[in-house]
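Asks: Sharing a sequence plus its predicted fold:
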Amino acid sequence: MSSLLQISTEKLAGLVGTPKCPTLIDVRIDEDFDIDPRLVPGSARRDYRNVQEWAAGLDSDSAVVICHRGKKLSYGVAAWLRNFGIAADVLEGGFEAWAEGGYPAVPVSAIPERGLSGRTVWVTRARPKIDRIACPWLIRLFVDPQAVFLYVSPSEVETVAERFDATPFDIEAPIPWSHKGEFCTFDVMVEEFALSTEPLLRLATIVRGADTSRLDLAPQASGLLAASLGLSRMYSDDLEQLEVGMLLYDAFYRWCRDATDETHNWPSPKKDS
């Protein structure tokens, strides 16, 4: 049983990918990290030796600290965070327990380099509909919660990417983060970030059906398409649309994860007297 200052891998797995997930901080030393250079989805590496510096700027009310085996190092960092008013727990068993539990882990090699702000920066075409909202949702919930997204005119994407050290995605060009064959960019990101869990694969099918006009792939694809097109007409500001769209994908993901067997009928069937 976990102590009051620990969180189990099972409980954390239920929080990852949801808006209620605490800030996840990986403090493994380089030698331990090099053994398995992957991250719990949504976590970021921090140097435990500088905790007093970066903790002061941590914009979060709660955090989970992850070290190699959930021992002294993570407890020390968590204690410092609590001194800064952040409710901090330790991942029980550390990253080693997470990996042994078979939970998804994002290879660092797949994550673009972070800028001076410590964030990844992405750029794509303006006026997003489906893929260009779904991909940012995936990145912010499972890869980099602080990621920045730049929406520009299609002709300027590659230039902006070069000038501002941004990673282009979902454009008609031979780049890593775009459509591949019958798969859309969301599919590609799920695979490349090693996030091929059953719920995300189910969501990827829905996104693919809506994004490529193959509505027969999933019954929910029509609903996602309708909601996405409606949002694109409600908002002229792409970033405002993105923030609202995040909630839409939160809902679809939770259905994919927790509610696929649930039905709703009205009126309820009458019982025989």
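Replies: Cool, the structure landed. Residues are numbered from 1 along each chain as shown.
Asks: Which helix or which strand is home to Ala226?
Replies: helix 220-234 (DSSP states H and E).
Asks: Could you do Val123 as well?
Replies: If you go by DSSP H and E, Val123 is part of strand 121-125.
Asks: Tell me what angle the very next helix or strand once past that strand forms with helix 220-234.
Replies: Per DSSP H and E, strand 121-125 leads on to helix 131-142 as the next helix or strand towards the C-terminus. Orientation check (axes from the mean of the first three to the mean of the last three CA atoms, to 10 degrees): helix 131-142 against helix 220-234 gives 100 degrees.
Asks: quick one: contacts of helix 131-142?
Replies: 16-18, 21, 41-42, 106, 120, 122, 124-125, 147, 149, 151, 169-170, 177, 184-186, 189-190, 193, 195, 200, 207, 211, 228, 231, 241-242, 245-246, 248-250, 253 (CB atoms under 8 Å, 6 or more residues apart in numbering). In this view, the C-beta of every residue, glycine as well, is placed from N, C-alpha and C.
Asks: how about 6 Å then?
Replies: 17, 41-42, 124, 147, 149, 169-170, 184-186, 189, 195, 207, 211, 242, 245-246, 249 (CB atoms under 6 Å, 6 or more residues apart in numbering).
Asks: what does stretch 116-129 give?
Replies: Under CB under 6 Å, 6+ apart, the answer for stretch 116-129 is 112, 114-115, 132, 144, 146-154, 157, 160-161, 166-170, 228, 232, 238.
Asks: Nearest residue to Asp238 in space, ignoring adjacent ones along the chain?
Replies: Tyr151 (4.0 Å; CB to CB, 6 or more residues apart in numbering).
Asks: helix/strand/coil for the one you found?
Replies: Secondary structure assignment for Tyr151 (DSSP: H, G, I helix; E, B strand; the rest coil): strand.
Asks: Pro136 versus that one, what's the distance?
Replies: 10 Å (CB to CB, to the nearest Å).
Asks: swap in Ala259?
Replies: On the measure of CB to CB, Ala259 and Pro136 end up 23 Å apart.
Asks: Please apply the same query to Glu158.
Replies: For Glu158 relative to Pro136 (CB to CB), the value is 19 Å.
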